[in-house]
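**Q** Following is a predicted model, sequence given first.
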Amino acid sequence: MSVFTHVTVGTNDLEKARAFYDKVLGTIGLKRLADLGDGGSIWGTTEPSFFVLKPANGQPASVGNGGTISFRSPNRAGVKAFHEAAVSSGGKDEFPVGPRDWAPNAFAGYVRDLDGNKLAVYSFTTE
């Protein structure tokens with residue numbers, strides 16, 4: 001059982017964020033499940049799990065220093081595809097794809113989205 005109901009990041013340009021996340025999250029099997037009008041969108045597999053929203057207080061979205069949202073990929077090819085899709089869609093390469101030594105078979109890549117949110121994608125398989 002997951003300990004989270006969902007994770008949310010803010011955006012200052014919802015249309016660009018939608019296009020970015022449609023492409024990037026599609027590489028690991030997530031799809032846009034709902035749009036909340038001009039307020040945001042929701043991605044997941046069968047249940048909502050990742051939200052991109054304009055801040056409810058009307059202030060500009062900003063990035064928290066030290067925070068990372070990490071997605072699970074079913075395999076290493078998905079890690080590479082996620083990272084490549086993010087960078088080719090205007091995201092910033094934050095840490096190249098490759099093995100990580102903190103867990104057995106950990107293989108990951110890090111990027112920043114269009115609003116500067118830090119994202120990671122991990123696979124713990126050897127394939």
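**A** Done, it's in.
**Q** Looking at stretch 80-97 now, give me its mean pLDDT.
**A** Averaging pLDDT along stretch 80-97 gives 97.
**Q** State the pLDDT value of residue 1.
**A** Predicted confidence (pLDDT) for residue 1: 56.
**Q** what does the one 5 residues further on give?
**A** Among the per-residue scores, residue 6 holds a pLDDT of 92.
**Q** Please apply the same query to the one 5 residues further on.
**A** Residue 11 is assigned a predicted lDDT (pLDDT) of 96.
**Q** residue contacts, the nearest residue to residue 90 once chain neighbours are set aside?
**A** Among residues not flanking residue 90 along the chain, residue 114 sits closest, at 5.5 Å (C-beta to C-beta, 6 or more residues apart in numbering). Bear in mind the C-beta positions are built from the backbone N, C-alpha and C, glycine included. Going by C-beta atoms under 8 Å, 6 or more residues apart in numbering, residue 114 touches 11, 13, 16-17, 20, 89-91.
**Q** what does residue 125 give?
**A** 74-76, 105, 107.
**Q** repeat for residue 9
**A** 51-53, 61, 69, 113, 115, 117.
**Q** In these, which residue is surrounded by the most others?
**A** Within those, residue 52 tops the neighbour count with 26 neighbours, counted by other C-beta atoms under 10 Å.
**Q** Look up how far residue 27 lies from it.
**A** For residue 52, the distance to residue 27 equals 16 Å [C-beta to C-beta, to the nearest Å].
**Q** Now do the longest strand anywhere in the chain: which elements does it pack against?
**A** Across the chain, the strand with the greatest residue count (assigned by DSSP state E) is strand 92-99. For strand 92-99, the helices and strands in contact under the criterion 3 or more C-beta pairs under 8 Å, 6 or more residues apart in numbering; DSSP states H and E are helix 76-88, strand 107-112.
**Q** Distance to residue 95 and mean neighbour count for the ones you listed - can I get that in a markdown table?
**A** Listed next are these as a markdown table, based on distance: least, C-beta to C-beta, whole Å; neighbours: other C-beta atoms under 10 Å:
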| stretch | distance to residue 95 | mean neighbour count |
| --- | --- | --- |
| helix 76-88 | 9 | 20 |
| strand 107-112 | 4 | 22 |
